[in-house]
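S.K.: Here you go, sequence then predicted model.
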Amino acid sequence: MKKLSLTIFALLLIAFTYQAEAQSKVVAKDLIGSWKLVIDVDEEFEEAKREVDEEDSFLGKIILNSVSGIVSGILEEIDIYMEFKPGGEVKVIVEAFDEREIEYSEWQIDKKGRLYISDTENFSTGDSDYWLMEKGVLILFEDDNERSDNVYLVNMDSN
C-alpha cells in the first residue's frame with residue numbers, strides 16, 4: 001500500500017510539474033516582433049454539435065449549422081496582427097473585407113510574467129484577461145484563470 005501511495009504521489013508530482021512548465025512567463029525580449037491572432041471556433045462548434053445531437057433537436061441542428069457557417073466565413077475574412085515594440089507599445093493591424101486599420105495600444109508584463117494588452121477599438125479582451133507563453137505561442141487566459149484554447153497569438157517572425 002505504501003508503494004502504491006508513493007507511486008501515485010510521484011505521478012501527481014510529475015503531472016503538476018509538467019502543467020507548471022507548460023505555461024511559462026512572458027519575457028519582453030521574446031515578445032518583441034510580429035504576431036498573428038488565431039481564433040479557432042471549430043472545436044467549440046463540434047462540441048455544440050455533439051450536445052445538439054444528444055438532445056436530438058432538429059431546429060437546434062439547423063440553427064447551429066447556419067451560425068457555424070456564418071461565423072467561419074466571417075473569421076476567414078478577418079486577420080489581426082500585433083507588432084510588439086520595446087517600451088510597451090503594440091501596433092494592432094486589423095485587415096477585414098479588403099480594408100486595413102491600424103491602431104496603437106500598450107502592453108505590460110506583471111511580476112508573474114503575465115502579458116496584458118490594453119483594449120483598442122477593434123481588439124479587446126477582458127480587463128483581467130492575460131497571456132502566457134506555451135511552446136512559443138501566446139495563450140489567452142481569462143480572468144478566472146481559465147485557459148482559452150481557441151484564442152492564441154502565433155509569432156510571425158519565427159515562421
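M.R.: Received the coordinates, thanks. Predicted model, so just to flag it, every value in this text is computed and none were measured. Numbering: from 1, shown residues only.

S.K.: After the longest strand along the chain, heading C-terminal, what element do we hit next?
M.R.: Ranked by residue count under DSSP state E, the longest strand found in the chain is strand 99-109. Next in sequence after strand 99-109, counting helices and strands by DSSP states H and E, comes strand 115-117.

S.K.: Any buried residues in that next one, and which?
M.R.: 115-117 (16 or more other C-beta atoms under 10 Å). Where C-beta positions appear, they are placed from N, C-alpha and C, glycine not excepted.

S.K.: Can you tell me which of those is closest to Tyr152?
M.R.: Checking the buried residues of strand 115-117 against Tyr152 by C-beta to C-beta gives Leu115 as the nearest, at 12.0 Å.

S.K.: which residues does the closest one contact?
M.R.: Contacts for Leu115 (C-beta atoms under 8 Å, 6 or more residues apart in numbering) come out as 26, 31, 107-109, 130-132, 138.

S.K.: ditto for Gly88
M.R.: Going by C-beta under 8 Å, 6+ apart, Gly88 touches 106-108.

S.K.: got the phi/psi numbers for it?
M.R.: phi 90, psi 10 (degrees, to the nearest 10).

S.K.: and if you look at the one 10 residues further on?
M.R.: For Asp98, the backbone dihedrals (degrees, to the nearest 10) come out as phi 60, psi 20.

S.K.: do Lys49 as well
M.R.: When read as degrees, to the nearest 10, the backbone of Lys49 gives phi -60, psi -40.

S.K.: give me the number of residues near it?
M.R.: 15 (other C-beta atoms under 10 Å).

S.K.: Ser158: which of the contacts of Gly88 is nearest?
M.R.: Trp107 (18.5 Å).

S.K.: if I read this right, Ile109 contacts Ala28, doesn't it?
M.R.: Yes: using C-beta atoms under 8 Å, Ile109 makes contact with Ala28 at a distance of 6.2 Å.

S.K.: List the buried residues for stretch 26-46?
M.R.: Those would be 26, 31, 34-35, 37, 45, for stretch 26-46 by 16+ other C-beta under 10 Å.

S.K.: Can I get those in JSON lines including distance to Pro86, secondary structure and pLDDT?
M.R.: Formatted as JSON lines, the buried residues of stretch 26-46 follow (distance: C-beta to C-beta, whole Å; DSSP: H, G, I helix; E, B strand; the rest coil; pLDDT from 0 to 100):
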{"residue": "Val26", "distance to Pro86": "14", "secondary structure": "coil", "pLDDT": "91"}
{"residue": "Leu31", "distance to Pro86": "9", "secondary structure": "helix", "pLDDT": "94"}
{"residue": "Ser34", "distance to Pro86": "14", "secondary structure": "strand", "pLDDT": "96"}
{"residue": "Trp35", "distance to Pro86": "15", "secondary structure": "strand", "pLDDT": "96"}
{"residue": "Leu37", "distance to Pro86": "21", "secondary structure": "strand", "pLDDT": "92"}
{"residue": "Phe45", "distance to Pro86": "39", "secondary structure": "helix", "pLDDT": "66"}
